[in-house]
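take a look and give me a structure for this.
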Amino acid sequence: TRDGSLNSFFETSLAEIQNGHLLACFRTKTGQYFTQSADGGKTWSTPTPFTAHPNATNTKADLARSPSGRLVLAFNRANAGRINMCVALSSEGGETWPHYYVFDPRDKPGTSYPNISFGADAQGNYNGFIYVAYDHGRGKLAPDYTKEITVAKIPEHRIVEGNPTSMRYIVSK
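Sure, this is the predicted structure:
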């Protein structure tokens, strides 16, 4: 914010809502906040808190637009702590987030720093999978010493249908 009252680390992600309209999500001391731009990023609305789901304070989230057209937000779905790594989907430009899935509920030692990507087939067409890379156990000491980079592969349609599932892969340890 302009007065700096919400400032924490400057971890912002954004997605296009429609032609020239952008939605940005950023980390604050009190949780995730959103702001919008109707002019391609020249000016921004007053930031508002993300209240559709519990979201941890002082943690990074990632926002992206799926090739399906939905917005995807990856975040820690908890009132406090870096636990319950989740994706939420919006078909209304971020107005509502009715579909969500906690794909990694581990709380010992916790998960954080999500980054979203989308799968493609050999021709480059979207294959329906959301990929979220994130860490598990960052900065922890024994006995919680895991320090893993994990990737979750999540079928987008299964979240919308209310029957979510995922596969997790450890890519670095």
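
list the contacts of Pro54.
Taking C-beta atoms under 8 Å, 6 or more residues apart in numbering, we find Pro54 in contact with Arg77, Ala78, Asn79. C-betas here are computed from N, CA, C, even on glycine.

what helix or strand does Leu14 sit in?
In this structure, Leu14 sits in strand 12-18 according to DSSP states H and E.

can I get the next helix or strand after that strand in CSV? Just the C-alpha atoms.
Counting by DSSP H and E, the next helix or strand C-terminal to strand 12-18 is strand 21-28. The C-alpha coordinates for strand 21-28 follow below in CSV (Å, rounded to 0.1, in the frame of the first residue of the first chain):
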residue,chain,number,x,y,z
HIS,A,21,-7.7,-5.8,-16.8
LEU,A,22,-5.3,-7.3,-14.3
LEU,A,23,-5.6,-8.9,-10.8
ALA,A,24,-2.6,-8.9,-8.5
CYS,A,25,-2.2,-10.9,-5.3
PHE,A,26,0.4,-9.9,-2.7
ARG,A,27,1.6,-11.0,0.7
THR,A,28,1.0,-8.8,3.8
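
what comes into contact with whichever helix or strand comes after strand 21-28?
Once strand 21-28 ends, the next helix or strand along the chain (criterion: DSSP H and E) is strand 31-37. With contacts defined as C-beta under 8 Å, 6+ apart, strand 31-37 is touched by 6, 17, 21-26, 43-50, 55-57, 61, 73, 75, 94.

returning to that earlier point: which one of the contacts of Pro54 is nearest to Phe129?
Arg77 (20.3 Å; C-beta to C-beta).

roughly how far apart are that closest one and Lys173?
Per C-beta to C-beta, to the nearest Å, Arg77 is found 25 Å from Lys173.

more crowded one of these two?
Using other C-beta atoms under 10 Å as the criterion, Arg77 and Lys173 rank with Arg77 on top: 21 against 10.

residues contacting the more buried one?
Taking C-beta under 8 Å, 6+ apart as the test, what Arg77 contacts is His53, Pro54, Asn55, Asn84, Met85, Cys86, Ala88, Tyr100, Val102.

scan the residues you listed and report the most crowded one.
Met85 (28 neighbours).

okay, that residue: pLDDT?
pLDDT, Met85: 97.
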